[in-house]
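> Sharing a sequence plus its predicted fold:
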Amino acid sequence: MNCPCQSQQSFETCCQPFLTGSALPETAEKLMRSRYTAFTQADVAYLKKTLAPESRHDFDEAATRKWAETAKWKGLQILATVKGTAQDKKGTVEFIATYEADGEGLDHHEVSEFRKAENGQWLFVEGDGHTHAEGEGHHHHHEKPQTVQREAPKIGRNDPCTCGSGKKYKKCCGTDAA
């Protein structure tokens, strides 16, 4: 059986040793892949075990189990990995996890932060993510910032006031009291 993390390896040689505890993921990306696989298996104990201690306070075991069990996990796509320096032992993984919930295909796009503990174990610290319709694409999901085009030249604080008073703009019409 191919590993659910889509590494193109068998489950037995990829994520299974991590989930069973017979091996530790050697990189932040391998931990990310194994955590995705844990979701597909509803292995909430592994998800909790691979959380950094400072991130466990708001871990909702029941909600995590419900999400893992009710979602139909469809795939994982690693978009980018950034390794920290050897000294700080940090890593970042950007990914999209595709799943189906209540008949709707969804993409969970996240940038996750990891760190390597003193014992050599990689831990999930936090993630910044959002979910949108499957295939919607990250660029379609977010509006691009609009360039502001002024109809008149910008008036600087130290420019002469436009009312003709002869005062600086900041001392005349440019104040909040004006």
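Structure's in. What do you need?

> next one: stretch 117-126 to chain centre, how far?
The chain centroid and the centroid of stretch 117-126 are separated by 17 Å, computed with CA atoms, centre = their mean, to the nearest Å.

> can you list contacts of it?
The set of residues external to stretch 117-126 that reach it, using CB atoms under 8 Å, 6 or more residues apart in numbering, is 24-28, 30-32, 35, 50-52, 54-55, 91, 112-116. Heads up, the C-betas are built off the backbone N, CA and C, glycines and all.

> Which of these are buried? Put it as a PyMOL command.
The following PyMOL command selects only the buried members of those, with burial defined by 16 or more other CB atoms under 10 Å:
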select buried, resi 24+25+28+30+31+32+35+50+51+52+55+91+112+113+114+115+116
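
> list the helices and strands the helix ranked longest in the chain packs on?
Secondary structure assigned by DSSP state H gives helix 28-41 as the longest helix of the chain. For helix 28-41, the packing partners by 3 or more CB pairs under 8 Å, 6 or more residues apart in numbering; DSSP states H and E come out as helix 16-20, helix 44-49, helix 61-70, strand 72-83, strand 90-101, strand 104-116, strand 122-133.

> who's in contact with that helix?
In this structure, residues lying in contact with helix 28-41 by CB under 8 Å, 6+ apart are 3-5, 7, 11, 14-15, 18-19, 25, 43-44, 46-47, 50, 67-68, 71, 73, 76, 78, 81, 83, 90-93, 95, 97, 112, 114, 116, 122-124.

> Can I get stretch 28-37 as CSV, trimmed to CA atoms?
Written as CSV, here are the backbone C-alpha positions of stretch 28-37 (Å, rounded to 0.1, in the frame of the first residue of the first chain):
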residue,chain,number,x,y,z
ALA,A,28,10.3,18.7,9.6
GLU,A,29,8.8,17.6,6.3
LYS,A,30,8.8,13.9,7.3
LEU,A,31,7.1,14.9,10.6
MET,A,32,4.5,16.9,8.6
ARG,A,33,3.9,13.9,6.3
SER,A,34,3.5,11.6,9.3
ARG,A,35,1.1,13.9,10.9
TYR,A,36,-1.0,14.0,7.8
THR,A,37,-0.9,10.2,7.7
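
> any idea how far it is from the chain center?
When distances are taken as CA atoms, centre = their mean, stretch 28-37 is centred 13 Å away from the chain's centroid.

> just stretch 116-135 next, same as before
Taking the mean C-alpha point of stretch 116-135 and that of its whole chain, the gap between them comes to 7 Å (CA atoms, centre = their mean).
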